Every structure is written in structure tokens, then in C-alpha cells.
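> Make a model of this:
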Amino acid sequence: MNVRELISVMAPEALLSAMLVLLLLIKIFSDKIRTSKVLLMTSAFFLAAAVAMLFLLPQGSVFGGMFAVTPLIGIEKAILLFATFMISLQAFEWLSSYKNYVEFYMLLISILLGMFIMISSGHFLTFYLGLEMATIPLAALSAFDLEKPRSGEAGMKLILSSAFSSGILLMGISFMYGTCGSLYFDDVKAMFTGSTLQMAGFVFLVTGFAFKISVVPFHLWTADVYEGSPVAVTAFLSVVSKGAAVFIFLGALYKVFGSIAATWTYVLAILAVATMVVGNLFAIRQQNIKRFLAFSSITQAGYILIGIASGTLQGTASVVYFILVYLFSNLSAFTVVSIVSDRTGKENISDYNGLYQSNPRLSVAMMLALFSLAGIPPTAGFFGKWFLLAAGMSTGMMTLILIAAINLVISLYYYLKVVRAMFVDKNEEPLQNIRSGNAARLALVICSAAIILTGFFSFVYQYIYSFSNGVQ
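Residues are numbered from 1 along each chain as shown. Next up is the predicted model:
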């Protein structure tokens with residue numbers, strides 16, 4: 001292995017590491033560099049890195065197979081980088097007036113590095129190192145708004161739940177090592193016989209992943225952390241962190257535990273039903289918009305589990321495609337929430353009553369995002385959910401699909417409740433006209449356009465599907 005091969009396989013990690021060093025130098029000399037230039041440079045970096053990954057799509061392995069890359073993994077990393085670019089745009093104005101903006105990006109990049117290592121890991125030790133690299137900065141990021149006690153509470157709750165789930169994961173990994181004598185994914189796959197101890201380890205691993213994805217009954221931390229964190233961090237947790245966890249879970253199940261697919265398909269189907277039902281029931285009751293979107297994201301995790309449970313190439317492609325669609329829908333909603341919260345400090349759904357009268361553009365953008373999250377045609381969210389359900393139907397899981405369809409109808413109620421608040425309900429003290437920054441406006445335009453157009457660009461799904469065999 002020469003240096004050129006190493007850099008080729010680990011190109012995004014090398015770029016992120018270089019950017020991390022650069023930001024550290026900028027922090028030292030930050031008094032001499034304008035904040036806006038640093039924010040523009042960092043945002044441009046995330047976009048350029050995402051585009052580069054789509055064109056390069058490196059393939060190969062290093063460190064004796066402990067770190068491996070396939071074209072599908074390259075696409076997954078590109079999606080996460082692009083999502084981080086959108087979050088950077090969303091948070092541009094907030095960070096412009098925040099003195100610790102460099103630290104924000106340093107934590108963000110450290111988290112991405114850890115996530116990328118996990119996605120590319122071919123060894124459970126590499127996977128766990130990446131997990132710890134991502135978890136600790138993520139908790140610090142949740143508590144980033146130091147002036148608000150709720151932010152500190154969110155960080156504490158996240159670190160405690162993450163420590164608990166990481167401990168469970170580590171217990172599962174230790175069981176695998178004890179029974180297989182190796183931590184390489186390929187070795188564990190070859191020596192997995194389904195013994196009692198191995199199945200116990202598998203259950204621990206699934207439980208640990210379920211915490212990361214906010215799957216019921218391991219979801220209780222989600223709403224509190226989402227509500228207490230800064231809006232940009234909540235968006236990152238909702239899209240990038242959840243997306244990375246789904247990609248990692250998908251790869252681990254298919255690569256390592258394919259021999260017991262019949263077992264985990266049944267387990268995931270039960271978890272999917274519980275997640276969809278509980279997420280919907282709690283979303284209906286929410287008054288805070290961030291908690292509302294938190295339970296919405298829990299419900300979306302239930303639909304994602306349907307695609308994973310199918311265990312097919314179609315399921316793999318549908319999950320990756322749905323994460324892409326979910327990126328645009330959720331970030332569009334959180335961008336509107338961020339703009340309203342930064343200007344007015346209001347975060348309750350009732351505060352959005354009559355929003356269309358004073359802020360028609362924000363209302364339309366929010367409406368499109370909610371329609372997409374609900375799966376209403378012809379938005380991209382409809383196509384994303386259609387592919388997930390089609391993957392489930394292809395394997396004969398008709399009862400699960402019927403339950404999912406019922407939950408889709410239920411979800412229409414609470415998504416349209418917010419739309420009704422903006423367009424129909426009256427407000428005695430309506431929000432004033434809000435002028436958003438150029439960066440946030442650009443993020444909304446990109447997300448809204450993608451919500452409308454992505455579903456009609458069939459080549460996007462076909463492109464992802466063409467590389468889906470790389471995960472199995």
C-alpha cells in the first residue's frame with residue numbers, strides 16, 4: 001500500500017482532517033480573519049467535497065481490510081457532506097454573530113470523521129473507534145448554546161444515552177470476539193453459527209444501533225435533545241447523524257449477519273410497527289415545533305426499517321434514496337424553524353398561526369417540506385416512501401405494508417395541522433414579516449426545488465441502485 005492508494009481510498013477523511021487543521025490555525029489567528037470569509041470557505045468546502053465524492057467514487061481497502069470503500073459508500077458520504085453543507089447555510093447568520101463559530105465547525109468535522117470511519121469500517125474495532133470519535137463531539141455540539149440551560153440539559157441527556165448505547169454495542173462486540181476469535185466483518189460472517197451467545201451479541205448490537213436511529217422503545221432521548229439543542233444542531237442530529245446510523249446499520253446487517261436474515265427481518269418488522277405507531281401518537285400531541293419534528297423523525301425511522309428489513313438490493317437502494325429525499329424535506333422544515341426562532345424566539349406550533357399572511361414564502365417552503373415528509377404526491381417524499389414500501393412488498397411483507405399505509409394516513413393529520421395553522425388559523429398577535437439571510441434563503445430554494453424535482457428524476461434512484469450490490 002503506497003501513499004497514493006491510501007489518500008485515494010481515504011480521500012474524504014483526508015480532506016476533513018486537513019480542514020480540521022486549517023480551522024485550528026484560523027482559531028489561533030481568528031482576530032485577523034473576517035468571520036464571513038471563514039463561514040463561506042467552510043460551506044464551500046463541504047459542497048466541493050460532496051461533489052468530488054460523487055465524481056471520484058473511490059474503491060478499495062486499506063489497513064488489512066479494516067477500512068474499505070465501495071462506490072455506494074462514496075455516495076453515502078457525499079449525501080452526508082451535502083447535508084452538512086445545507087446545515088452550514090442554514091446556520092450561517094446564527095454563526096456570524098457567535099464568537100465560537102470555529103469550534104462549531106471543528107466539532108462538526110470531527111463528528112463527520114467518526115461517521116465516515118464507521119461507514120467504511122470492515123472491523124469492529126475500527127467501527128467502535130469511529131463511534132467514539134463521533135459521539136463525544138456530538139454531545140458537545142448539543143450543549144453548544146451555553147447561555148441556555150436547556151442546551152446543557154440536551155448535551156447531558158445525549159451523552160448519557162450515547163454512553164449507555166455504546167456500552168451495549170461494546171458488549172455485543174465482545175460476545176462476537178469471544179465466539180468467533182476475530183473482529184473482522186468477513187471472519188465473523190464466516191464463523192457465525194447462530195449459537196446462544198452469538199445471538200445475544202447480535203441482540204446487543206441491534207439494540208445499540210436502535211438507540212442511534214431513535215427506534216422505539218429506544219427513542220426516549222430524542223425529543224428532549226432536539227428541543228434543547230440549537231436548531232442547526234437539531235437539524236444535524238435529525239439528518240446527518242440519523243442518516244449515518246442508518247447507513248452503518250444497513251452495512252452491518254447485510255455484510256455480517258446475512259446468514260440470519262430471516263430472524264432479523266422479523267425483528268425489524270416488529271420494531272418498524274412499534275416505531276411508526278408510537279412516533280405518530282406522540283407527534284399528534286406536540287405543541288413545540290422541534291419536538292414535533294423529533295417525533296416525526298422517529299416515525300420516518302419506522303419506514304426506513306421496512307426497506308432495511310427487505311434484505312434486497314431494492315431495499316438498499318430505497319433506503320439510501322429515502323435518506324437523500326429526507327435530507328431535503330427535513331432540512332427545509334428546520335431552516336424555516338431556524339429563521340423564525342432566531343428572529344422571534346418562538347418555537348410553538350401555535351406561534352405559526354397566520355404565518356402565511358406576513359411570511360408567504362416561508363409558509364410555502366414549510367408546506368412543501370411537510371407535504372414531502374407526509375408522502376403527499378408529487379413531492380419527493382412520496383417517491384421515497386413508495387420505494388420503501390415497494391421493497392417491502394417485493395418480499396411479501398403485506399401485513400407490515402398495510403400497517404405502514406394506515407400510519408401514513410394518520411401522519412397526514414398532524415402534518416396538515418401545521419399547514420392549517422399557517423394558512424387558515426388566525427393569530428391575535430401574528431409574527432411580523434421576517435427577512436432571512438441570503439444563505440438561509442439559498443438553502444430554502446435548494447431544498448424546495450429538490451422536493452419538487454428529485455422524484456421526477458428517475459435516474460437518481462437508478463444511479464443509487466446500480467451500486468447497491470456493494471453493500472452485500
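
> So which bits of stretch 250-260 are buried?
Leu250, Gly251, Ala252, Leu253, Tyr254, Lys255, Val256, Phe257, Ile260 (16 or more other Cβ atoms under 10 Å). C-beta here means a position set from N, CA and C on the backbone, and glycine is covered the same way.

> can you check stretch 164-179 too?
Applying 16+ other Cβ under 10 Å to stretch 164-179 flags Ser165, Ser166, Ile168, Leu169, Leu170, Met171, Gly172, Ile173, Phe175, Met176, Tyr177, Thr179 as buried.

> average pLDDT across that stretch?
Predicted confidence along stretch 164-179 averages 88 (mean pLDDT).

> Could you list the residues in contact with it?
Stretch 164-179 is touched from outside by 124, 127-128, 131-132, 135, 183, 188, 191, 195, 197-198, 200-205, 207-209, 211-212, 218, with contacts defined as Cβ atoms under 8 Å, 6 or more residues apart in numbering.

> redo that, cut-off 6 Å
Residues outside stretch 164-179 that contact it (Cβ atoms under 6 Å, 6 or more residues apart in numbering) are Phe124, Leu183, Val188, Leu197, Gln198, Ala200, Gly201, Phe204, Leu205, Thr207, Gly208, Phe211.

> Narrow these to those that are buried.
Neighbour counting with 16+ other Cβ under 10 Å marks Phe124, Leu183, Val188, Gln198, Gly201, Phe204, Leu205, Thr207, Gly208, Phe211 as buried within these.

> and the fourth one, what element?
So that's Gln198. helix 196-213 (DSSP states H and E).

> how near is the residue lying closest to Ala245 once chain neighbours are set aside to Met115?
Excluding the flanking residues, the one nearest Ala245 by Cβ to Cβ, 6 or more residues apart in numbering is Lys212, at 3.8 Å. Lys212 sits at a distance of 10 Å from Met115 (criterion: Cβ to Cβ, to the nearest Å).

> before we move on, what about Ile289?
27 Å.

> Check Phe124 too.
From Phe124 to Met115 the distance is 16 Å (Cβ to Cβ).

> what does Ser96 give?
Ser96 is 26 Å from Met115, by Cβ to Cβ.

> Could you dump the buried residues of stretch 250-260 into CSV and include secondary structure, distance to Leu146 and pLDDT?
Shown next, in CSV, are the buried residues of stretch 250-260 (DSSP: H, G, I helix; E, B strand; the rest coil; distance: Cβ to Cβ, whole Å; pLDDT from 0 to 100):
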residue, secondary structure, distance to Leu146, pLDDT
Leu250, helix, 36, 86
Gly251, helix, 36, 84
Ala252, helix, 36, 84
Leu253, helix, 39, 86
Tyr254, helix, 41, 83
Lys255, helix, 41, 82
Val256, helix, 41, 84
Phe257, coil, 42, 83
Ile260, helix, 46, 81
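
> Make JSON lines from those residues and add distance to Tyr415 to it.
Shown next, in JSON lines, are the buried residues of stretch 250-260 (distance: Cβ to Cβ, whole Å):
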{"residue": "Leu250", "distance to Tyr415": "26"}
{"residue": "Gly251", "distance to Tyr415": "31"}
{"residue": "Ala252", "distance to Tyr415": "32"}
{"residue": "Leu253", "distance to Tyr415": "30"}
{"residue": "Tyr254", "distance to Tyr415": "32"}
{"residue": "Lys255", "distance to Tyr415": "35"}
{"residue": "Val256", "distance to Tyr415": "37"}
{"residue": "Phe257", "distance to Tyr415": "35"}
{"residue": "Ile260", "distance to Tyr415": "37"}
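
> and Thr399, how many residues sit next to it?
10 (other Cβ atoms under 10 Å).

> Same check on the one 10 residues further on?
One way to gauge burial is a neighbour count; for Val409, by other Cβ under 10 Å, it gives 11.

> residue contacts, Ile401?
Leu389, Gly392, Met393.

> Could you list every helix and strand in contact with the helix or strand hosting the last one?
Put plainly, it is Met393. Here Met393 is covered by helix 380-394, with elements defined by DSSP H and E. The criterion is 3 or more Cβ pairs under 6 Å, 6 or more residues apart in numbering; DSSP states H and E, and the helices and strands that helix 380-394 contacts are helix 289-310, helix 313-344, helix 360-374, helix 398-423.

> so which of these comes closest to Met41?
helix 313-344 (21.0 Å; Cβ to Cβ).

> moving C-terminal of the closest one, what's the next helix or strand?
Counting by DSSP H and E, what follows helix 313-344 is helix 355-358.
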